[in-house]
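Colleague: Kindly return the folded structure for what I paste below:
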Amino acid sequence: MNDTLDIIDDIDRISTFLYQNKEKEGMDEYMDVIKRIIAIISPYVATGNSDYVEMIDIINEGIDAYKHLDCIGMADTLVMIKDRLYEQNI
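Modeller: Sure thing, here's the model as predicted:
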């Protein structure tokens, strides 16, 4: 749970940078946060729960946004994942 609380703080900080189009500040840490999110949810994905599968789909969209330097898409991904983490009480 402590990892999740840390990642929530990082999501808030990075998504704020990205929504403000501060690419440099947000993108430097974006993929590290995505990797940490995957590490947190991966034990749950194997259960087949559709909520976790949906999180993986959202992450894939976020990776595409990263490839296209889409700051808003990246920020949206982080916020959607944050919401799902809260819903699942991870």
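
Colleague: What separation is there between Leu18 and Met27?
Modeller: 8 Å (C-beta to C-beta, to the nearest Å). Glycine gets a C-beta too; all of them are placed from N, C-alpha and C.

Colleague: Per-residue pLDDT of Glu54, please?
Modeller: Glu54 carries a pLDDT value of 93.

Colleague: what do you get for the one 3 residues further on?
Modeller: According to the predicted model, the pLDDT of Asp57 comes to 95.

Colleague: Return the residues in contact with it.
Modeller: By C-beta atoms under 8 Å, 6 or more residues apart in numbering, the contact list for Asp57 is empty.

Colleague: low-confidence ranges in this structure?
Modeller: The model of the chain has pLDDT under 70 over residues 1-3.

Colleague: in it, which residue is closest to the centre?
Modeller: With distances taken as C-alpha atoms, centre = their mean, Leu78 lies nearest the centre of the chain, 3.6 Å away.

Colleague: Quick check, it in contact with Phe17.
Modeller: No: with contact defined as C-beta atoms under 8 Å, Leu78 does not count as touching Phe17 (10.3 Å).

Colleague: As CSV, could you dump the C-alpha coordinates of the longest helix belonging to the chain?
Modeller: Across the chain, the longest stretch assigned as helix under DSSP state H is helix 23-45. C-alpha atoms of helix 23-45 as CSV (Å, rounded to 0.1, in the frame of the first residue of the first chain):
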residue,chain,number,x,y,z
GLU,A,23,7.0,18.4,-21.3
LYS,A,24,10.5,18.3,-19.8
GLU,A,25,9.4,18.1,-16.2
GLY,A,26,6.7,15.5,-16.9
MET,A,27,8.3,13.3,-19.5
ASP,A,28,11.5,12.7,-17.6
GLU,A,29,9.7,10.6,-15.0
TYR,A,30,6.7,9.4,-17.0
MET,A,31,8.0,6.0,-18.1
ASP,A,32,9.5,5.3,-14.7
VAL,A,33,6.0,5.8,-13.1
ILE,A,34,4.4,3.7,-15.8
LYS,A,35,6.8,0.8,-15.0
ARG,A,36,6.1,1.2,-11.3
ILE,A,37,2.4,1.1,-11.9
ILE,A,38,2.8,-2.1,-14.0
ALA,A,39,4.8,-3.6,-11.1
ILE,A,40,2.0,-2.8,-8.6
ILE,A,41,-0.8,-4.2,-10.7
SER,A,42,0.8,-7.1,-12.4
PRO,A,43,0.1,-9.6,-9.6
TYR,A,44,-3.6,-8.8,-10.0
VAL,A,45,-3.7,-9.0,-13.8
